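> Structure for this input, please:
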Amino acid sequence: MSSKADLKRSHIIQTAIQYLKDNDLSTLTLDKIASSANISKGGLLYHFKTKDTLQTAIAETIMNEVIQSYEHFASAEQGTGRLTRALILASQKDLASGAALNIAIQIMQNDHSAISTVYECLLDELFQDGLEQSIVHLIRLTIDGLYYSQLLNIAPISDEATKGVFEQLMYMTRKD
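Residues are numbered from 1 along each chain as shown. The predicted structure is shown next:
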């Protein structure tokens, strides 16, 4: 069972994530998050001494949530391509709910090592998933492109088109 402090800390992080889904990272301040979370700035500072510690907690939480989503989908899938399908489904879920992974990437832009390590381990798993490596690369790069077009607002595609892309990616993981 979580303590009251753990619950408050989680509430602050989730409030900050929602704030960042709606606003640019450069606008994040402790005052804005305290106000959004309906707590005093002193209450926020009790849990997060600096903006950097809050941002690190946000990025770690997002990464953990994405990994948990991937693991959940992987446990529900079977056969060749199951891990790749899990990545597709976890990415589709994250993109549809505001692309939190983009927030983590922005926060960790000066320290790519943590994201790179997780991503490289994930790709190693996918290359052992029974699919041709070129298919895994195509799927990975397509998902990356969906994230980047949304993050950078470079000709993002419609929700309907995104759904169609994900359907095609899932199709690519099915062996006859």
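> Go ahead and list the helix or strand containing residue 31.
Following DSSP states H and E, one finds residue 31 within helix 30-36.
> scratch that, residue 39
Using DSSP H and E, residue 39 maps to neither a helix nor a strand.
> residues touching it, list them.
Neighbour list for residue 39: 8, 12 [criterion: CB atoms under 8 Å, 6 or more residues apart in numbering]. From N, CA and C alone the C-beta is placed, and that goes for glycine too.
> How about residue 123?
Listed by CB under 8 Å, 6+ apart, the contact partners of residue 123 are 136, 140.
> could I get whichever strand or helix holds it in PDB with only the CA atoms?
Using DSSP H and E, residue 123 sits within helix 113-127. Listed next in PDB are the C-alpha coordinates belonging to helix 113-127 (Å, rounded to 0.1, in the frame of the first residue of the first chain):
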ATOM      1  CA  SER A 113      22.000   7.400 -22.500                       C
ATOM      2  CA  ALA A 114      19.000   6.300 -20.400                       C
ATOM      3  CA  ILE A 115      16.500   6.200 -23.300                       C
ATOM      4  CA  SER A 116      19.100   4.800 -25.700                       C
ATOM      5  CA  THR A 117      19.900   1.900 -23.300                       C
ATOM      6  CA  VAL A 118      16.200   1.000 -22.900                       C
ATOM      7  CA  TYR A 119      15.600   1.400 -26.600                       C
ATOM      8  CA  GLU A 120      18.600  -0.700 -27.600                       C
ATOM      9  CA  CYS A 121      17.500  -3.500 -25.200                       C
ATOM     10  CA  LEU A 122      14.000  -3.400 -26.700                       C
ATOM     11  CA  LEU A 123      15.400  -3.600 -30.200                       C
ATOM     12  CA  ASP A 124      17.600  -6.500 -29.200                       C
ATOM     13  CA  GLU A 125      14.400  -8.300 -28.000                       C
ATOM     14  CA  LEU A 126      12.500  -7.400 -31.300                       C
ATOM     15  CA  PHE A 127      15.400  -8.800 -33.400                       C
END
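> for the chain, what's the longest helix?
Longest helix of the chain, by residue count under DSSP state H: helix 51-76.
> Which positions within that helix qualify as buried?
54-59, 61-63, 65-66, 69-70, 73-74 (16 or more other CB atoms under 10 Å).
> thinking again about what came up before, please spell out which residues along the helix holding residue 123 are buried.
Buried residues in helix 113-127 (16+ other CB under 10 Å): 115, 122, 125-126.
> can you list these in a markdown table and add distance to residue 100?
What follows is the buried residues of helix 113-127, written out as a markdown table (distance: CB to CB, whole Å):
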| residue | distance to residue 100 |
| --- | --- |
| 115 | 13 |
| 122 | 16 |
| 125 | 21 |
| 126 | 21 |
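> quick check, nearest of the residues you listed to residue 43?
When the buried residues of helix 113-127 are compared for distance to residue 43 (CB to CB), residue 115 wins out at 30.1 Å.
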